[in-house]
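[1] could you work out the structure for the sequence below:
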Amino acid sequence: MDTNLALLLLFAPFAGFLLNIFFGKKLGKGTSGTLGTLAVATSFVVTLTFFLQVISTGQPIMINLCEWLTLANFKVNFGFQLDQLSLLWLMFVTGIGTLIHIYSISYMHDDENLHKFFAYLNLFVFFMITLVMGSNLLIMFIGWEGVGLCSYLLIGFWYKNQDYNDAAKKAFIMNRIGDLGFLIGIFIIGYLFHSVDYTTINAALSSGAQVDMGWLSLAALCLFIGACGKSAQIPLYTWLPDAMAGPTPVSALIHAATMVTAGIFMITRMNFLFNLTPDVQNIIAIVGAVTSLVAAAIGLVQNDIKKVLAYSTVSQLGLMFLALGLGAYEIAVFHVITHAFFKACLFLGSGSVIHALHGEQDMRNMGGLRKVMKITFITFLISTLAISGLPPFSGFFSKDEILMTAFHQNKALWVIASLASLMTAFYMFRLLYLTFYKGFRGTEEQKHHLHESPALITFPLIVLAILALIGGVINFPGSNWLNHYLAPVLARPAQHHHHLDGTAYMLMGIAVVGALIGIGIAYAKYIKQSAVPAQDSEITGFAKVLYNKFYVDEIYTAIIVNPIYAIGSFFRDVTEAVFSGFIFGLGKVANILGGEGRTLQNGSIGFYLFAFVLGICSIIVYIFLAK
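    Below is the predicted model of the structure:
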């Protein structure tokens with residue numbers, strides 16, 4: 001029974017993909033969207049069934065379908081591991097995925113390729129489920145590559161725009177860089193343990209098996225490189241903001257529920273390995289903290305509503321990696337969950353605004369929308385308060401746990417994370433004020449057509465806003481339900497229970513005051529002073545550096561892309577020309593000799609005479625050289 005349900009959980013979205021890709025156009029837009037949504041909703045219902053079962057029994061569900069690969073003493077089974085961690089992940093992958101599918105029915109209604117869009121969304125969810133359900137690293141890698149493929153298809157969905165195609169290629173290529181690191185890490189682990197199965201590796205390490213720590217550290221570092229690519233950490237983060245080229249539901253799916261959380265899932269899944277490599281953990285913590293600060297700084301001056309949210313995602317992912325590097329896996333997972341709630345709401349809310357403004361994404365051309373888009377505004381406000389870290393919203397509890405852990409283990413990283421959090425509050429309320437407050441700054445035609453979005457768009461916003469409000473209860477101080485729930489899958493569970501002592505209250509107060517300072521600065525500038533960001537050509541000084549994202553893309557272009565183009569041009573224009581000239585030259589010589597030989601064979605007196613003279617000359621030369 002469990003096997004059949006697990007297969008239904010996995011293959012329901014894949015069936016939706018097949019039906020939509022082959023028959024979607026004939027079924028019609030309404031049927032296509034409903035079919036795609038039901039496919040993911042089915043997976044959510046099955047996930048909920050397993051989730052309740054595991055909570056009840058406390059025992060993971062292990063399913064082995066078949067023996068997949070056997071090479072000497074190396075064996076890989078194709079199976080599923082439905083334990084506390086994977087089921088928790090599947091809950092928000094399929095649950096939020098279902099809401100995004102519902103949203104997409106209305107948002108993408110006018111698109112001529114709606115059936116293809118839902119096919120790609122279903123395929124995306126299928127591969128993410130594969131990534132999470134697999135019982136070993138090779139099955140995870142199948143899902144890992146699959147979500148990379150689907151991100152390419154969905155980011156470049158509007159393929160007639162070349163900029164969107166370029167963004168899709170950028171995401172695909174940058175992820176391949178990280179994926180190479182991940183693959184090397186899998187090879188090293190296979191070499192060390194003769195297995196890539198999670199339980200086998202964990203059992204070997206738990207029993208004190210002798211392992212070369214140099215190789216183990218290298219494996220952990222390679223896995224982290226893979227996580228940097230998939231979860232957009234320095235230096236492989238620049239693809240994620242460009243991923244905004246895709247339709248807004250895609251942005252919500254990638255940023256909130258699926259692809260970018262894969263790196264955090266993988267490191268948490270392999271926590272028993274990373275616990276033994278403290279040097280790699282330090283690298284993870286530092287990279288996470290720096291990424292959080294850099295992305296937050298860039299977000300301060302962005303004017304595209306989706307770009308602000310994109311850099312916000314990179315920054316929040318950095319906080320999650322900070323927690324992972326500090327060994328606080330359960331806290332990182334806590335922030336993944338709350339972030340999934342409020343970030344999905346924020347992206348879908350931005351889509352509601354863009355939908356009302358017929359494609360406008362520049363916040364300088366918005367304003368005053370709270371009067372005509374009340375549901376969108378209220379849900380957006382709740383999620384903005386959550387990401388800013390104000391109580392009692394969910395983001396306060398998860399972010400506060402990260403900051404407290406950093407304070408107790410590395411105060412320098414705590415300062416960096418706190419500064420990034422202050423910036424987050426500023427740029428998120430900057431976005432809120434520019435979009436929903438003061439007067440409308442768009443065109444008269446846009447103003448005339450302003451309206452609240454349809455129910456299929458506002459319903460997911462309401463559900464996600466409620467979750468963003470109350471989501472913190474899953475790890476409320478005192479009960480710490482999530483910590484206890486995840487204990488069976490963590491090698492060192494319950495390491496980061498923070499007692500509500502004087503230090504804890506002080507740190508919470510500092511975090512709240514920091515958020516209020518950021519909000520206050522945004523209020524003073526954009527409400528009191530009614531400031532509107534300058535046009536691109538008028539931005540100067542350090543703001544210009546931030547607006548141009550520290551010129552990281554330009555640096556990559558100068559030191560990586562252009563040299564590769566130059567090498568390619570050299571081989572095309574020089575090397576290929578030389579070799580082509582040589583080969584074609586041989587062909588021409590052969591043609592000439594063949595033509596002359598044909599004339600000789602046909603009996604030409606001139607050529608007989610030429611051959612005779614040539615022979616005499618050859619004899620004379622030979623005699624001369626012989627002497």
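[2] most centrally placed residue in this structure?
    What sits nearest the mean C-alpha location of the chain, by C-alpha atoms, centre = their mean, is Val260, with 3.1 Å.
[3] ok, now how distant is that one from Ile378?
    27 Å (C-beta to C-beta, to the nearest Å). C-beta: built from backbone N, CA, C; applies to glycine.
[4] not counting its neighbours along the chain, what's nearest Leu69?
    Val76 (4.2 Å; C-beta to C-beta, 6 or more residues apart in numbering).
[5] name the element the one you found belongs to?
    Per DSSP states H and E, Val76 falls inside strand 74-82.
[6] the helix or strand just after that strand vs strand 74-82, what angle?
    Next helix or strand after strand 74-82 toward the C-terminus (DSSP H and E): helix 84-107. Counting by axes from the mean of the first three to the mean of the last three C-alpha atoms, to 10 degrees, helix 84-107 lies at 70 degrees to strand 74-82.
[7] other SSEs contacting the following helix or strand past helix 84-107?
    With elements assigned by DSSP H and E, the helix or strand that comes after helix 84-107 is helix 114-133. Applying 3 or more C-beta pairs under 8 Å, 6 or more residues apart in numbering; DSSP states H and E, one finds that helix 114-133 contacts helix 2-27, helix 29-57, strand 74-82, helix 84-107, helix 137-155, helix 262-269.
[8] following element in sequence after the top helix by length along the chain, please.
    Longest helix in the chain by number of residues (criterion: DSSP state H): helix 162-193. Using DSSP H and E, the helix or strand that directly follows helix 162-193 along the chain is helix 198-206.
[9] pull out the buried positions in that next one.
    By 16 or more other C-beta atoms under 10 Å, the buried positions in helix 198-206 come out as 198, 200-202, 204-205.
[10] ok, back up a step: doesn't the residue nearest to the centre of the chain fall inside a strand?
    No. Val260: not assigned to a strand; according to DSSP: H, G, I helix; E, B strand; the rest coil it is helix.
[11] can I assume it is in contact with Ala232?
    Yes. Assessed by C-beta atoms under 8 Å, Val260 is found in contact with Ala232 at 5.9 Å.
[12] joint contacts of the two?
    Counting by C-beta atoms under 8 Å, 6 or more residues apart in numbering, the shared contacts of Val260 and Ala232 are 240, 313, 317.
[13] PyMOL command to pick out the buried ones of the residues you listed?
    Remark: buried members of those, expressed as a PyMOL selection using 16+ other C-beta under 10 Å:
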select buried, resi 240+313+317
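[14] looking at the shared contacts of Val260 and Ala232, which is nearest Ile466?
    Thr313 (21.2 Å; C-beta to C-beta).
[15] tilt between the strand holding Val76 and helix 262-269?
    100 degrees.
[16] how about residues contacting strand 74-82?
    Contacts for strand 74-82 (C-beta under 8 Å, 6+ apart): 6, 10, 50, 54, 60-70, 133-136, 138-139, 190, 194-199.
[17] try it again with 7 Å
    6, 50, 60-69, 133-136, 138-139, 190, 194-198 (C-beta atoms under 7 Å, 6 or more residues apart in numbering).
[18] now it: average pLDDT?
    Averaged across strand 74-82, the pLDDT comes to 92.
[19] stretch 579-592 now?
    Per-residue scores along stretch 579-592 average to 82.
[20] again with stretch 102-117
    92.
[21] so how far is the first residue of it from its last?
    End-to-end span of stretch 102-117 (C-alpha to C-alpha, to the nearest Å): 13 Å.
[22] which of the residues in it are buried?
    Buried, per 16+ other C-beta under 10 Å, within stretch 102-117: 102-108, 114-117.
[23] same check on stretch 473-483?
    474-475, 480, 482-483.
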